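K.L.:
below: sequence and its predicted model.
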Amino acid sequence: MAMSEVRWTGTGKERLNSEEVIICIDLLKLRKAKIGSRKNKQFDVSKLKDPGIREEFNITLRNHYSKLQDETAITIDQFHQFIKDAAAEVIGYKKYAKSEWLSKDTWTTIEERKQLKKKLLDAKSPILKERAAVLYRKKDREVKTSARKDRRHYTEQLAKDAQEAAERKDMKTVYQIRKKLRGDHGPNQDLPVKAEDGSAITEELAKLESWREHLENILNRPDSPILPDIDEAETDPEIETGCITVNERIIQDIWDKEDIPDDWKKGVIIKLPKKGDLGDCINWRGITLLYLTSKVFSQTILQRITAAVDDILRQEQAGFRKWKSCVDHIFSYDRYWNSRSKSL
């Protein structure tokens, strides 16, 4: 099951005046493409916002359920696989945008070069292979020439936009253009880690061990010695426990057996930068990405508890309640004292 993707941007912003803009643009270069392994494909879940696509996904998922002889015997692994199969059929995977600075003509030339490359690889005889190689090299030069032309035009246009933004004192746009050219997408995560004695740790295994110790100290804190004294409720709220759909039956089975799937016990910790020296682990905040179906389980329990508890809570309780907010109480309190002060 795909997990959510966490992104962030840098925190510092530099102020540039109109005279500095041209100097900075001349010094900047377009960022190079990162070389590395391709990320796992992710489903385009944004399509589920369309009611028609969402209904089609639900129908496809029910069709997969109908293949089972006994829907009550479905396992969590089968449940995951059915969701993946239905998502692949209906919503598909995310399509990543092409480089915005390449023109349509350049992309057409790139596609032609790709076809020539295929002919070169498929050629059997040396003569055909040599002819295909000549055509491929010619087309490759055309692609590189066209790409350099597009890059110059793209950079000149951004420099013009930055100059106009600086003249009207729109420094936010200037910073965004600078960031786009430089490729600044946030602090570098591959920084040396400071040890307790202040020395820098550069080895990968040593850095991972340092991060593990730091996160264990933060996340595995001892229990408080002082426990809250909470009286037991006189009556238990009436919480709905029935199940209708296959999803609810799976959740009910986990609740009754009190056996959590192994995948739900795992999490991926993502680091988010804070202010200060990023070589110090204390200046990073960790968040944990959990398995998606475990969130469905938690949300189902929360919704059923909320429906039963909401009628018991007093009207003055505004926090953590639907359609209510502590901000409303603060606003009412402020208006009340302002009116009292004016009357006095």
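P.N.:
That came through, no problem.
K.L.:
strands of this structure, start to end?
P.N.:
Assignment of strands within the chain using DSSP state E yields the ranges 193-194, 200-201, 267-273, 284-290.
K.L.:
out of those, which is closest to Leu135?
P.N.:
strand 267-273 (47.2 Å; C-beta to C-beta). Every residue, glycine included, has its C-beta placed from N, CA and C.
K.L.:
deepest-packed of the strands of the chain, please.
P.N.:
strand 193-194 (a mean of 20; mean count of other C-beta atoms under 10 Å).
K.L.:
tell me what it is packed against?
P.N.:
Judged by 3 or more C-beta pairs under 8 Å, 6 or more residues apart in numbering; DSSP states H and E, the packing partners of strand 193-194 are strand 200-201, helix 204-219.
K.L.:
so what strands line up beside it?
P.N.:
Taking DSSP bridges as the criterion, strand 193-194 pairs within the sheet with strand 200-201 (antiparallel).
K.L.:
and the strand it pairs with, how far out from the chain's middle?
P.N.:
Counting by C-alpha atoms, centre = their mean, to the nearest Å, strand 200-201 is centred 29 Å from the centre of its parent chain.
K.L.:
please list the outside residues in contact with that strand.
P.N.:
With contact meaning C-beta atoms under 8 Å, 6 or more residues apart in numbering, strand 200-201 is reached by 192-195, 207, 210, 279.
K.L.:
which of those residues count as buried?
P.N.:
Neighbour-count burial within the contacts of strand 200-201 applies to 193-194, 207, 210; the criterion is 16 or more other C-beta atoms under 10 Å.
K.L.:
which one of those is nearest to Lys118?
P.N.:
The shortest gap between Lys118 and any of those belongs to Lys207, at 43.1 Å (C-beta to C-beta).
K.L.:
in JSON lines: the contacts of strand 200-201, plus distance to Lys266 and pLDDT.
P.N.:
Formatted as JSON lines, those follow (distance: C-beta to C-beta, whole Å; pLDDT from 0 to 100):
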{"residue": "Pro192", "distance to Lys266": "28", "pLDDT": "81"}
{"residue": "Val193", "distance to Lys266": "24", "pLDDT": "83"}
{"residue": "Lys194", "distance to Lys266": "29", "pLDDT": "84"}
{"residue": "Ala195", "distance to Lys266": "28", "pLDDT": "82"}
{"residue": "Lys207", "distance to Lys266": "21", "pLDDT": "87"}
{"residue": "Ser210", "distance to Lys266": "21", "pLDDT": "87"}
{"residue": "Gly279", "distance to Lys266": "28", "pLDDT": "83"}
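K.L.:
in a markdown table, list the helices and strands packed on strand 193-194 along with distance to Lys118.
P.N.:
Rendered in a markdown table, the data for those read as follows (distance: least, C-beta to C-beta, whole Å):
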| stretch | distance to Lys118 |
| --- | --- |
| strand 200-201 | 47 |
| helix 204-219 | 39 |
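K.L.:
relative to Gly52, which of the ones you listed is closest?
P.N.:
Of all those, it is helix 204-219 that lies closest to Gly52, at 42.6 Å by C-beta to C-beta.
K.L.:
got the buried residues for that closest one?
P.N.:
Residues of helix 204-219 classed as buried: 207, 210-211, 214-215 (neighbour count, 16+ other C-beta under 10 Å).
K.L.:
the longest helix seen in the chain: how far from the chain's middle?
P.N.:
Ranked by residue count, the top helix of the chain under DSSP state H comes out as helix 126-167. Relative to its parent chain, helix 126-167 has a centroid offset of 32 Å by C-alpha atoms, centre = their mean.
K.L.:
so which elements touch it?
P.N.:
Checked by 3+ C-beta pairs under 8 Å, 6+ apart, helix 126-167 has helix 18-27, helix 104-122, helix 171-182 packed alongside it.
K.L.:
quick check: which of those helices is buried the most?
P.N.:
For the helices and strands packed on helix 126-167, the largest average neighbour count (mean count of other C-beta under 10 Å) is found in helix 171-182, namely a mean of 17.
K.L.:
which strands and helices sit next to that one?
P.N.:
Packed against helix 171-182, as judged by 3+ C-beta pairs under 8 Å, 6+ apart, are the following elements: helix 18-27, helix 126-167.
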